[in-house]
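1. Next one to model:
(one chain, ligands or ions: 1)
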Amino acid sequence: MSALTSRPPTATGRPRRGSRFHWTVMLLLSVAITGYSVGQYATGSLETLAAGRVGLASTYADRPFPVQIAFYVHIITAGLALAVGPFQFAGAIRERLPRVHRWIGRGYVTAVGLGAAAGLVMSFFNSVAFAGFFGFGSLAVLWGWTTYRGYRAARAGDFAAHRAWMIRSFALTFAAPTLRLWFGVLILLQVLAGGGDVERMVGQAYAAVPFLCWLPNIVAAELMIRRRGLPGLRLVAP
Ligand code: HEM
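-> Numbering: from 1, shown residues only. Here you go, the predicted structure:
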């Protein structure tokens, strides 16, 4: 059997050129996606929103009550994790206000725990059947796991591993913006290729996003971790 471990820390912790610009883009996308995608469900009940064809309301309006609860728990807590997550990567807050970093961090970890559990429940009832079950389901498990590892590393005082795991965790949180970006790109590609029936184009684009929304993110996270000299993942024999 093999185990997933971290390499020894070699982090410099120094900010990179252009990182402020990237951080600002990440923050704006996170806040915009949270505001728009979560906010639309605050404008009415699932039934009324379903009648107006808002988001995924029609998928969840007829689901059992506990699944509807999971839906609301998910959008609120996952939205919170996405909105506060970028602040954890702001060096100024980490260095000058470590207590604020710790409190936001506790909120983030709790929000991810609840959001991932609710997301896992929803993956059994999602709108794209098997692709959604496997894609969103594995995302939920990995999201909870990477965040737990990040929390545990912080508690153990291993801050290089903490940073690496939290980069992985937030790369998965960022699946919410990337899902919507990929969805737009896939629709555009189909339109450029001749278009056709709108429902069919939407269905084809949505079938790809349960995996596409997070697989490239986790590869990007691993590259960032390596560039920063933080502990990477490797498979080792026991
Ligand atoms: C990263 C782990 C995540 C998992 C595993 C996950 C899982 C899911 C699942 C299974 C659905 C239902 C999809 C369907 O029925 O087709 C969903 C919908 C939704 N999720 Fe997540 N999600 C995650 C992250 C987030 C984040 C960070 C946000 C923050 C905005 C978010 C906000 C939403 C919203 C608003 C919906 C309703 C669909 C819509 O209107 O676009 N999720 N999620």
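
2. now the residue lying closest to G55 once chain neighbours are set aside, what's its secondary structure?
-> Closest residue to G55 apart from its sequence neighbours, by C-beta to C-beta, 6 or more residues apart in numbering: Q40 at 5.6 Å. For every residue, glycine as well, the C-beta is placed using N, CA and C. Put simply, Q40 is helix when judged by DSSP: H, G, I helix; E, B strand; the rest coil.

3. what stretches of the chain score poorly on pLDDT?
-> 1-17, 235-238 (pLDDT under 70).

4. Just confirm the residue nearest to G55 contacts G52, I think it does.
-> No. Using C-beta atoms under 8 Å, Q40 is not in contact with G52; the gap is 9.8 Å.

5. State whether R234 is indeed within a strand.
-> Yes. Assessed with three-state DSSP, R234 lies in a strand.

6. quick revisit: residues contacting the residue nearest to G55?
-> 49, 54-55 (C-beta atoms under 8 Å, 6 or more residues apart in numbering).

7. Out of the residues you listed, which are close to the ligand?
-> G55 (C-beta under 6 Å from any ligand atom).

8. Narrow the contacts of Q40 to those that are buried.
-> Buried subset of the contacts of Q40 (neighbour count, 16 or more other C-beta atoms under 10 Å): 49, 55.

9. which of the contacts of Q40 lies closest to H101?
-> G55 (32.9 Å; C-beta to C-beta).

10. is it true that that closest one lies in a helix?
-> No. Read with three-state DSSP, G55 is coil and lies in no helix.

11. What does it show for phi and psi?
-> Taking degrees, to the nearest 10, you get phi 40, psi -130 for the backbone angles of G55.

12. related to what we said a few turns ago, please tell me how far the residue nearest to G55 sits from G85.
-> Distance of Q40 to G85, given as C-beta to C-beta, to the nearest Å: 21 Å.

13. Then L230?
-> Distance from L230 to G85, by C-beta to C-beta: 17 Å.
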